[in-house]
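Student: Below: sequence and its predicted model.
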Amino acid sequence: MPPPARLLVHRHGLVTRTTHWINLAALIVLLLSGLQIFNAHPALYWGEVSTFARPWVAMFAAERGGEAVGITKVGSTYVETTGVLGFSGNEVRGFPAWATLPSYRSLADGRRWHFAFAWLFVLNGLVYLSAGLIGGHVRRDLLPARDQLTPRHLAREIADHARLRFAASRRYNVLQKLTYLAVIFVLLPMMVLTGLSMSPGMNAGFPWLPELFGGRQSARTLHFISASLIVLFVLVHVAMVLVSGPLNSLRAMITGKYAVAEDAR
């Protein structure tokens, strides 16, 4: 049988495409510089102050057989992570040099990179959200249609994803829509607000902000968790792009054109 006819449809507007790539660059710098800042004190706590004897998460070095080994503690679990976390490059450090910006130890430089790109990230997000709300992108492309929220449709989408079955469609599937909405309206605002909660200047002007998250140290922990979840989202997103057709998805995010079957919905 001849292959099904393909049709190029417009899927991503200019604002969506531009803010997508700016967002990617900003997130990479924020992640690497954030790990540099974290390395200044590689431990996480709950509450208002640091309880140094009882961290929830900690990365440190210990001596074993006359040699230093890296240890990562999560709750009551201790795991040896030499060469990656706790001890790497013959020095005690939370994350290795290749994962931080800058690669050398400098809390001041890490903060400069982090704060500069945090502003870029926030402004870029506001442009995307404003254009999406005014232009109808959020309502038209991200809000699930009623037929997509039926239990039968949801079960089929989950089963197709579990089997890595993806068909090029004119619209996002419901799992994509729900995930994007959760990231845009829950995860990203959480990361921004918890980051602001750690700023002394913001604490002075808005003392209720860290209290909103249970204290300054809780805000720091939630900031780390939300950033980790965003990294997980990016990794899954890239994996789905590779499985479903990287060239088609990449073209759509560069030119806006996406190839679908003529009879695709």
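Tutor: Great, that's in hand. Residues are numbered from 1 along each chain as shown.
Student: residue nearest the centroid of the protein?
Tutor: Nearest to the mean C-alpha position of the chain, by CA atoms, centre = their mean, lies Ile230 at 1.7 Å.
Student: That one contacts Val192, doesn't it?
Tutor: No: between Ile230 and Val192 there is no contact under CB atoms under 8 Å: 11.1 Å. Backbone N, C-alpha and C define where each C-beta goes, glycine included.
Student: so what's the residue nearest to the centre of the chain up against?
Tutor: Taking CB atoms under 8 Å, 6 or more residues apart in numbering as the criterion, Ile230 is in contact with Leu27, Val183, Leu187, Leu188, Met191.
Student: Next: Arg251.
Tutor: Going by CB under 8 Å, 6+ apart, Arg251 touches Lys257, Tyr258, Ala259.
Student: Let's see if you can find the most crowded of those.
Tutor: Each of those was scored for neighbours by other CB atoms under 10 Å, and Tyr258 scores highest at 21 neighbours.
Student: Name the helix or strand for that residue, please.
Tutor: Taking DSSP states H and E as the definition, Tyr258 sits inside strand 257-261.
Student: Pairing partners for the worst-scoring helix or strand of the chain on mean pLDDT, with directions?
Tutor: The helix or strand of the chain with the poorest confidence is strand 6-10; it has a mean of 81 (mean pLDDT, DSSP states H and E). Taking DSSP bridges as the criterion, strand 6-10 forms sheet pairs with strand 257-261 (antiparallel).
Student: centre of the chain versus the strand it pairs with, how much separation?
Tutor: Averaging C-alpha positions (CA atoms, centre = their mean, to the nearest Å) puts strand 257-261 27 Å from its chain's average.
Student: Tabulate the CA atom coordinates of it in PDB.
Tutor: Listed next in PDB are the C-alpha coordinates belonging to strand 257-261 (Å, rounded to 0.1, in the frame of the first residue of the first chain):
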ATOM      1  CA  LYS A 257       5.400  23.500  10.500                       C
ATOM      2  CA  TYR A 258       4.400  20.000  11.600                       C
ATOM      3  CA  ALA A 259       3.800  17.000   9.300                       C
ATOM      4  CA  VAL A 260       0.700  15.000  10.000                       C
ATOM      5  CA  ALA A 261      -1.400  12.500   8.000                       C
END
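Student: give me the low-pLDDT residue ranges for the stretch 101-250 of the chain?
Tutor: 168, 170 (pLDDT under 70).
Student: just so I have it, where are all the helices in it?
Tutor: Counting by DSSP state H, counting those that start in this stretch, the stretch 101-250 of the chain has helices at residues 107-135, 137, 151-162, 174-182, 188-197, 200-205, 208-212, 216-244, 246-255.
Student: Which of those helices has the highest mean neighbour count?
Tutor: A comparison of those by mean neighbour count, using mean count of other CB atoms under 10 Å, puts helix 188-197 on top with a mean of 20.
Student: now the angle between helix 107-135 and that helix, please.
Tutor: 140 degrees (axes from the mean of the first three to the mean of the last three CA atoms, to 10 degrees).
Student: got the contact list for helix 188-197?
Tutor: 118, 121-122, 125, 202-203, 206, 209-210, 212-213, 216, 219-220, 222-223, 226-227, 230.
Student: pLDDT (mean, whole number) over the helix or strand hosting Trp21?
Tutor: Using DSSP H and E, Trp21 sits in helix 14-39. In this model, helix 14-39 has a mean pLDDT of 96.
Student: I'd like to know which elements that helix is packed against.
Tutor: With contacts defined as 3 or more CB pairs under 8 Å, 6 or more residues apart in numbering; DSSP states H and E, the packing partners of helix 14-39 are helix 107-135, helix 216-244, helix 246-255.
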